[in-house]
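# Just to be clear, the model below is a prediction. Sequence and coordinates:
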Amino acid sequence: VGTQMLTASDFAVLKEMDAVSICVPTPLRKTGDPDMSFIQSATEQLAKYMHKGMVVVLESTTYPGTTREVLLPKLGTEHGLAVGEDWFLAFSPERVDPGREDYTTINTPKVMGGITEACGEVAAAWYAGAIKTVHMVSSAEAAEMAKLLENTFRMINIGMVNELAIMCERLGVDVWEVIDAAASKPFGFMKFTPGPGLGGHCIPIDPLYLSWKMKSFNYSARFIELASEINTNMPRYVVSRMLDAMNDRGILLKGSRVLVLGAAYKPDIDDVRESPAMDVIGLLRKKGALVEYHDPYIPHIHHEYDGWQMDSVKDVMKAVKDADAVMIVTNHKVYDYPAILKEAKFVFDTRNATGKIAKGDPKVVRL
């Protein structure tokens with residue numbers, strides 16, 4: 001990768017480019033349908049500046065068929081360019097894990113699928129200059145589906161282990177002990193852990209693109225829809241569990257001061273997109289709790305639909321002392337959990353952050 005980087009808001013710079021990667025958001029609408037407006041807008045702008053020899057790669061996660069059905073008809077047509085001969089179109093999904101340092105863009109294998117064989121080969125040659133390994137597949141659709149498999153696999157397994165947590169609570173069994181025991185098997189098992197819900201711009205959303213697409217084939221993606229339902233309901237479940245635990249201790253949730261630790265959707269990052277913390281805080285507020293939050297990476301949050309907003313408390317330990325209850329939603333490494341347990345009146349731990357230090361502590365309840 002070169003040492004110079006150009007940032008621009010004028011699409012006219014595209015006429016000087018030989019290769020273009022489209023990396024735009026692909027959210028869901030409130031109705032649950034894919035919002036393709038960002039891809040469509042980017043494609044329409046790019047179409048004005050297409051020229052012979054250009055390579056175009058879509059990286060945004062989307063449903064199988066997007067590259068061929070949305071991009072192909074619009075690009076090259078106005079200029080009379082033949083795909084696979086005069087210009088080249090492919091799909092190569094982004095693969096990132098925010099906060100992770102061992103696998104970066106450079107050493108994470110890149111899947112590549114072209115509209116034609118030549119498209120894939122040319123696009124792969126371009127990426128090979130910056131990526132150590134490019135894994136070729138036979139079509140853009142195969143590459144699109146591979147990305148959805150990756151994210152759907154994770155979403156469904158998290159949904160399964162979230163339901164396991166619910167079942168273990170009913171049975172009076174420690175779900176964390178069960179998971180650790182199963183993980184001792186050196187083959188045939190992959191460890192997933194429960195939590196207050198899914199977050200991030202990929203895992204909660206991308207599988208629903210596949211579910212939506214399959215409806216056009218009169219097919220119901222039942223695993224995806226069931227896992228999504230379970231994961232979506234986890235914020236409500238953990239709030240209900242906390243309410244019950246507080247009632248058992250003679251603490252009324254309404255009017256109580258509740259401190260939520262962590263707003264990011266995963267530890268040690270500053271990303272709040274689709275974070276279950278937002279739903280947890282909203283539900284606690286609706287039940288009359290006086291909610292504060294702390295996150296060392298996110299100084300301010302606001303709820304897009306409900307309109308509330310708040311700032312992270314400055315002194316986390318003072319907030320812990322003052323709170324009637326503390327809920328650990330994101331297990332950031334910077335938190336001093338022994339100190340939190342010492343000062344808190346009651347802790348509901350949705351991430352097992354206190355598992356090794358709180359066994360037998362009556363003021364701690366774990367998911």
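That came through, no problem.
# any idea how the chain splits into domains?
Following the assignment in automatic domain parsing, the chain carries domains at 11-138, 155-366.
# Return the distance of the first one from the chain's centre.
The gap between the average C-alpha position of domain 11-138 and the chain average comes to 21 Å, counting by Cα atoms, centre = their mean, to the nearest Å.
# for the longest one, same thing?
The offset between the C-alpha centroid of domain 155-366 and the centroid of the whole chain comes to 14 Å, using Cα atoms, centre = their mean.
# and what of stretch 354-367?
That offset, for stretch 354-367, works out to 28 Å (Cα atoms, centre = their mean).
# could you give the mean pLDDT of that stretch?
What stretch 354-367 shows for mean pLDDT is 92.
# And stretch 139-158, by the same measure?
97.
# number of nearby residues for M54?
Neighbours of M54 under the rule other Cβ atoms under 10 Å: 22. Heads up, the C-betas are built off the backbone N, CA and C, glycines and all.
# And for G76?
Count around G76 with other Cβ under 10 Å applied: 23.
# my read: it touches A82, true?
Yes - here G76 reaches A82: they are 7.3 Å apart, a contact under Cβ atoms under 8 Å.
# Phi, psi for V258 please.
Phi and psi for V258, reported as degrees, to the nearest 10, are phi -120, psi 130.
# With adjacent residues omitted, what lies nearest to it?
Excluding its sequence neighbours, the residue lying closest to V258 (Cβ to Cβ, 6 or more residues apart in numbering) is A289, at 4.5 Å.
# can you pull the contacts of that neighbour?
Contact partners of A289, counting by Cβ atoms under 8 Å, 6 or more residues apart in numbering, are 253-258.
# again, but for W87
50-56, 75-76, 81.
# Okay, and the beta partners of it?
V83 (DSSP bridges).
# any idea how far it is from M50?
6 Å (Cβ to Cβ, to the nearest Å).
# Now list whatever residues contact both of those two.
75-76, 81.
# Helices along this protein, start to end?
Assigned by DSSP state H, the helices in the chain fall at 37-47, 66, 117-127, 140-171, 175-183, 206-215, 222-248, 276-286, 316-322, 337-343.
# of those helices, which approaches D270 most closely?
The closest of those to D270 is helix 276-286. By Cβ to Cβ, the value is 12.8 Å.
# which residues are in contact with the closest one?
Taking Cβ under 8 Å, 6+ apart as the rule, helix 276-286 contacts 195-199, 234-236, 238-239, 253, 258, 260, 262-265, 272, 291, 293, 301, 303, 306, 308, 310, 327, 329-330.
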